[in-house]
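> Sharing a model prediction with you, sequence too.
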Amino acid sequence: MRVLVTEDDENLRVAVEGSLRGSGFAVDVALDLGGADEAVSVNSYDCTVFDRMLPSGDSLRFVSALRQRGWAVPVLFLTARDTVDDRIAGLAWGDDYLVKPFEMAELVVRVRSLCRRGAARIAPVLRHGDLELDTGRYEVRRAGALLPVTTKEFVVLQRLLAAGGRAVRRADLIAAAWDEYVPPASNVLDVLIAGLRRKLGPPPVLHTVRGVGYVLGGTG
């Protein structure tokens with residue numbers, strides 16, 4: 001799951017980024033609304049985290065403008081403002097509101113919940129043959145058996161299933177499960193695919209498309 005964190009306070013930004021990465025999320029960071037605007041225009045995110053008040057402006061207004069253009073990625077606002085009016089305003093355009101100071105464990109739980117909520121908006125259950133991915137329960141099953149997939153394996157499988165039998169480019173899978181610190185030439189995707197194939201078992205369902213990427217199909 002890929003998350004954008006927009007925070008100008010370096011100490012808090014590093015702490016949030018580290019906590020999310022340590023919990024298996026791919027994390028991009030922006031220091032201001034300009035950086036956030038650029039990030040959301042070129043990347044797909046499962047959730048975004050915004051400090052409410054930034055030197056470049058009120059992120060609530062920024063998010064409300066995105067919402068009015070149809071942008072639907074879940075948003076968690078971080079803020080020191082905790083009046084009822086502030087909470088109402090934050091929840092009107094965002095999906096959750098966390099008042100500073102807060103525990104990092106709580107932030108991770110809330111971000112994970114928002115990621116699942118966003119996935120549920122796409123499709124509750126994705127299927128290919130006897131392979132089933134439940135975005136609400138965060139479960140993968142094959143022939144009814146629950147598979148112990150990691151967060152990144154889940155994201156890659158979700159992208160492949162959503163493609164509906166079309167090949168998905170390596171770069172797109174890497175962008176979905178990792179972040180800008182992973183170069184496209186890295187072998188992290190190859191290692192993940194090999195692990196997924198072992199977990200999925202026979203008959204083979206995950207295939208390589210030379211020069212493109214990977215595809216889910218019924219035959220090798």
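Noted; the coordinates are in hand.

> quick one: the helices in this protein?
10-22, 33-42, 59-68, 84-93, 104-122, 151-162, 170-177, 188-200 (DSSP state H).

> Minimum distance to R210: which of those helices has it?
helix 170-177 (11.1 Å; Cβ to Cβ). C-beta: built from backbone N, CA, C; applies to glycine.

> Please compute how far the closest one lies from its chain's middle.
What separates the centre of helix 170-177 from the centre of its chain is 11 Å, taken as Cα atoms, centre = their mean, to the nearest Å.

> next one: stretch 59-69
With Cα atoms, centre = their mean, you get 19 Å for stretch 59-69.

> before we move on, back to that, so which of the helices of the chain gets nearest A145?
Here helix 188-200 is closest among these (Cβ to Cβ), at 10.1 Å.

> Flag every buried residue along that closest one.
L189, L192, I193, L196, K199, L200 (16 or more other Cβ atoms under 10 Å).

> Quick one, which of those has the minimum pLDDT?
Looking at those by pLDDT, the weakest one is L189, with 88.

> beta partners for R141?
E132, L146 (DSSP bridges).

> Next, the contact list for it, please.
Residues in contact with R141 (Cβ atoms under 8 Å, 6 or more residues apart in numbering) are L131, E132, D134, L147.

> tell me the pLDDT at the second one?
Read it as E132. For E132, pLDDT reads 91.

> For it, the count of nearby residues, please.
17 (other Cβ atoms under 10 Å).

> May I ask you to confirm that it is in contact with A143?
No. E132 is not in contact with A143 according to Cβ atoms under 8 Å; the separation is 9.2 Å.

> give me every residue that touches Q68.
With Cβ under 8 Å, 6+ apart, Q68 has no contacts at all.

> again but with C115, I slipped
Contacts of C115 (Cβ under 8 Å, 6+ apart): M1, V3, F25, D46, C47, P74.

> tell me the pLDDT at the second one?
Which is V3. 92.

> ok, now the fourth one?
Listed pLDDT for D46 reads 86.

> now it: how far from R142?
Distance of D46 to R142, computed by Cβ to Cβ, to the nearest Å: 23 Å.

> cool, and the fifth one?
Using Cβ to Cβ, C47 is found at 27 Å from R142.
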